[in-house]
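[1] missing the sequence, but the structure's below:
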(Lines give C-alpha, C1' and ligand atoms only; values in the text may rest on other atoms or scores of the structure.)
Protein backbone atom coordinates (compact mmCIF):
# COMPACT_ATOMS: atom_id res chain seq x y z
CA UNK A 1 0.00 0.00 0.00
CA UNK A 2 1.37 3.43 -0.90
CA UNK A 3 2.04 6.18 1.66
CA UNK A 4 -0.96 8.24 0.59
CA UNK A 5 -3.36 5.32 1.06
CA UNK A 6 -1.82 4.54 4.45
CA UNK A 7 -2.31 8.16 5.56
CA UNK A 8 -5.93 8.16 4.33
CA UNK A 9 -6.59 4.94 6.25
CA UNK A 10 -4.96 6.38 9.38
CA UNK A 11 -7.13 9.50 9.21
CA UNK A 12 -10.24 7.36 8.81
CA UNK A 13 -9.21 4.94 11.58
CA UNK A 14 -8.72 7.89 13.95
CA UNK A 15 -12.07 9.50 13.15
CA UNK A 16 -14.59 6.91 11.94
CA UNK A 17 -15.95 6.51 15.47
CA UNK A 18 -17.48 9.99 15.13
CA UNK A 19 -19.67 8.89 12.23
CA UNK A 20 -20.62 5.76 14.16
CA UNK A 21 -21.67 7.79 17.17
CA UNK A 22 -23.21 10.87 15.56
CA UNK A 23 -23.94 9.95 11.95
CA UNK A 24 -22.79 11.74 8.82
CA UNK A 25 -24.98 14.79 9.30
CA UNK A 26 -24.02 15.09 12.97
CA UNK A 27 -20.28 15.45 12.34
CA UNK A 28 -18.38 18.33 10.78
CA UNK A 29 -15.01 18.32 9.08
CA UNK A 30 -13.55 20.22 12.04
CA UNK A 31 -14.43 17.33 14.37
CA UNK A 32 -12.93 14.84 11.93
CA UNK A 33 -9.61 16.70 11.67
CA UNK A 34 -9.44 17.19 15.44
CA UNK A 35 -10.03 13.49 16.03
CA UNK A 36 -7.44 12.56 13.39
CA UNK A 37 -5.06 15.21 14.77
CA UNK A 38 -4.41 16.80 11.38
CA UNK A 39 -4.73 20.39 10.14
CA UNK A 40 -7.94 21.18 8.28
CA UNK A 41 -5.99 21.86 5.09
CA UNK A 42 -4.56 18.35 5.23
CA UNK A 43 -8.08 16.95 5.15
CA UNK A 44 -8.53 18.48 1.70
CA UNK A 45 -5.19 17.10 0.57
CA UNK A 46 -6.59 13.58 1.08
CA UNK A 47 -10.33 14.03 0.53
CA UNK A 48 -12.20 16.16 -2.00
CA UNK A 49 -14.95 16.86 0.53
CA UNK A 50 -16.89 15.24 3.35
CA UNK A 51 -18.74 12.94 0.95
CA UNK A 52 -15.42 11.67 -0.43
CA UNK A 53 -14.31 11.04 3.17
CA UNK A 54 -17.50 9.04 3.76
CA UNK A 55 -17.05 6.96 0.61
CA UNK A 56 -13.44 6.19 1.51
CA UNK A 57 -14.49 5.38 5.08
CA UNK A 58 -17.06 2.89 3.77
CA UNK A 59 -14.34 1.19 1.71
CA UNK A 60 -12.06 1.23 4.77
CA UNK A 61 -14.77 -0.33 6.95
CA UNK A 62 -15.52 -3.01 4.37
CA UNK A 63 -11.83 -3.88 3.99
CA UNK A 64 -11.63 -4.30 7.78
CA UNK A 65 -14.69 -6.56 7.60
CA UNK A 66 -12.97 -8.65 4.92
CA UNK A 67 -9.96 -9.08 7.22
CA UNK A 68 -12.07 -10.22 10.17
CA UNK A 69 -15.83 -10.69 10.11
CA UNK A 70 -16.11 -11.92 6.50
CA UNK A 71 -13.08 -14.19 6.73
CA UNK A 72 -15.03 -17.23 8.02
CA UNK A 73 -17.19 -17.20 4.86
CA UNK A 74 -14.08 -17.89 2.76
CA UNK A 75 -12.76 -20.79 4.88
CA UNK A 76 -13.08 -23.72 2.45
CA UNK A 77 -11.83 -26.17 5.10
CA UNK A 78 -15.07 -25.61 7.03
CA UNK A 79 -18.56 -26.79 6.07
CA UNK A 80 -20.60 -24.05 4.35
CA UNK A 81 -23.30 -23.73 7.02
CA UNK A 82 -20.65 -23.71 9.75
CA UNK A 83 -18.91 -20.87 7.87
CA UNK A 84 -22.14 -18.86 8.02
CA UNK A 85 -22.48 -19.62 11.73
CA UNK A 86 -18.87 -18.51 12.28
CA UNK A 87 -19.54 -15.31 10.31
CA UNK A 88 -22.41 -14.38 12.63
CA UNK A 89 -20.33 -15.19 15.70
CA UNK A 90 -17.57 -12.91 14.35
CA UNK A 91 -20.12 -10.16 13.58
CA UNK A 92 -21.61 -10.43 17.08
CA UNK A 93 -18.13 -10.18 18.62
CA UNK A 94 -17.36 -7.10 16.50
CA UNK A 95 -20.62 -5.43 17.56
CA UNK A 96 -19.99 -6.29 21.22
CA UNK A 97 -16.46 -4.92 20.96
CA UNK A 98 -17.70 -1.62 19.51
CA UNK A 99 -20.35 -1.45 22.21
CA UNK A 100 -17.73 -1.96 24.95
CA UNK A 101 -15.47 0.75 23.50
CA UNK A 102 -18.20 3.35 23.13
CA UNK A 103 -20.89 2.12 25.57
CA UNK A 104 -23.33 2.74 22.72
CA UNK A 105 -25.18 0.22 20.60
CA UNK A 106 -24.02 1.61 17.29
CA UNK A 107 -24.68 -1.25 14.89
CA UNK A 108 -23.11 -1.66 11.48
CA UNK A 109 -21.43 1.34 9.88
CA UNK A 110 -22.67 0.38 6.41
CA UNK A 111 -26.20 -0.18 7.71
CA UNK A 112 -26.22 3.07 9.66
CA UNK A 113 -25.02 4.99 6.60
CA UNK A 114 -27.70 3.32 4.49
CA UNK A 115 -30.43 4.39 6.89
CA UNK A 116 -29.18 7.95 7.14
CA UNK A 117 -28.20 8.79 3.57
CA UNK A 118 -29.04 6.21 0.92
CA UNK A 119 -32.39 7.74 0.00
CA UNK A 120 -30.98 11.20 -0.60
CA UNK A 121 -27.62 10.46 -2.22
CA UNK A 122 -27.29 8.28 -5.32
CA UNK A 123 -23.52 7.84 -5.04
CA UNK A 124 -23.76 6.67 -1.44
CA UNK A 125 -26.74 4.45 -2.24
CA UNK A 126 -24.77 2.81 -5.06
CA UNK A 127 -21.71 2.31 -2.83
CA UNK A 128 -23.58 0.83 0.14
CA UNK A 129 -25.62 -1.39 -2.18
CA UNK A 130 -22.40 -2.76 -3.71
CA UNK A 131 -20.91 -3.44 -0.29
CA UNK A 132 -24.07 -5.07 1.07
CA UNK A 133 -24.45 -7.11 -2.12
CA UNK A 134 -20.87 -8.36 -1.70
CA UNK A 135 -21.75 -9.60 1.79
CA UNK A 136 -25.05 -11.10 0.60
CA UNK A 137 -23.28 -12.89 -2.26
CA UNK A 138 -20.72 -14.43 0.09
CA UNK A 139 -23.49 -15.76 2.33
CA UNK A 140 -25.55 -16.93 -0.64
CA UNK A 141 -22.56 -18.81 -2.01
CA UNK A 142 -22.15 -20.64 1.31
CA UNK A 143 -25.86 -21.50 1.37
CA UNK A 144 -25.64 -22.83 -2.18
CA UNK A 145 -22.60 -24.92 -1.27
CA UNK A 146 -24.45 -26.24 1.80
CA UNK A 147 -27.72 -26.86 -0.03
CA UNK A 148 -27.57 -30.61 0.74
CA UNK A 149 -27.57 -29.83 4.47
CA UNK A 150 -30.79 -27.80 4.17
CA UNK A 151 -34.37 -28.98 3.89
CA UNK A 152 -35.09 -30.22 0.37
CA UNK A 153 -36.79 -27.71 -1.93
CA UNK A 154 -35.90 -24.64 0.13
CA UNK A 155 -35.57 -21.40 -1.84
CA UNK A 156 -32.00 -20.36 -0.98
CA UNK A 157 -32.49 -16.64 -1.74
CA UNK A 158 -35.67 -16.34 0.35
CA UNK A 159 -34.05 -18.32 3.16
CA UNK A 160 -30.99 -16.08 3.04
CA UNK A 161 -33.09 -12.90 3.20
CA UNK A 162 -35.17 -14.20 6.12
CA UNK A 163 -32.11 -15.52 7.92
CA UNK A 164 -30.17 -12.25 7.61
CA UNK A 165 -33.09 -10.16 8.82
CA UNK A 166 -33.66 -12.39 11.85
CA UNK A 167 -29.98 -12.49 12.76
CA UNK A 168 -29.61 -8.73 12.49
CA UNK A 169 -32.67 -8.33 14.73
CA UNK A 170 -30.99 -10.57 17.31
CA UNK A 171 -27.88 -8.39 17.28
CA UNK A 172 -29.98 -5.36 18.16
CA UNK A 173 -31.27 -6.97 21.35
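    Done, it's in. Remember, it's a predicted structure, so these values are computed and weren't measured experimentally. Numbers count the residues shown, from 1 in each chain.
[2] Can you pull the poorly scored residue ranges out of the chain?
    101-107, 163, 165-173 (pLDDT under 70).
[3] Tell me where it has strands.
    Applying DSSP state E to the chain gives no strands.
[4] per-domain residue ranges of it.
    Domain assignment for the chain by automatic domain parsing gives 1-49, 68-172.
[5] Of all those domains, which one is nearest residue 61?
    Comparing those by their distance to residue 61 (CB to CB), the top pick is domain 68-172, with 4.7 Å. To be clear about C-beta, it is placed using only N, CA and C from the backbone, and glycine gets the same treatment.
[6] one step back: I'd like the domains of the chain as TSV, with mean neighbour count and distance to residue 62 appended.
    Listed next are those as TSV, based on neighbours: other CB atoms under 10 Å; distance: least, CB to CB, whole Å:
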stretch	mean neighbour count	distance to residue 62
domain 1-49	15	12
domain 68-172	15	5
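[7] Select, out of these, the one closest to residue 55.
    Comparing the domains of the chain by CB to CB, domain 68-172 comes nearest, at 5.8 Å.
[8] Can you tell me, leaving aside adjacent residues, what's nearest to residue 30?
    Counting by CB to CB, 6 or more residues apart in numbering, residue 30 lies nearest to residue 40, which is 6.8 Å off, once chain neighbours are set aside.
[9] Please enumerate the helices of this structure.
    According to DSSP state H, the chain carries its helices in the segments 3-22, 29-36, 40-46, 50-67, 80-102, 109-117, 122-145, 156-172.
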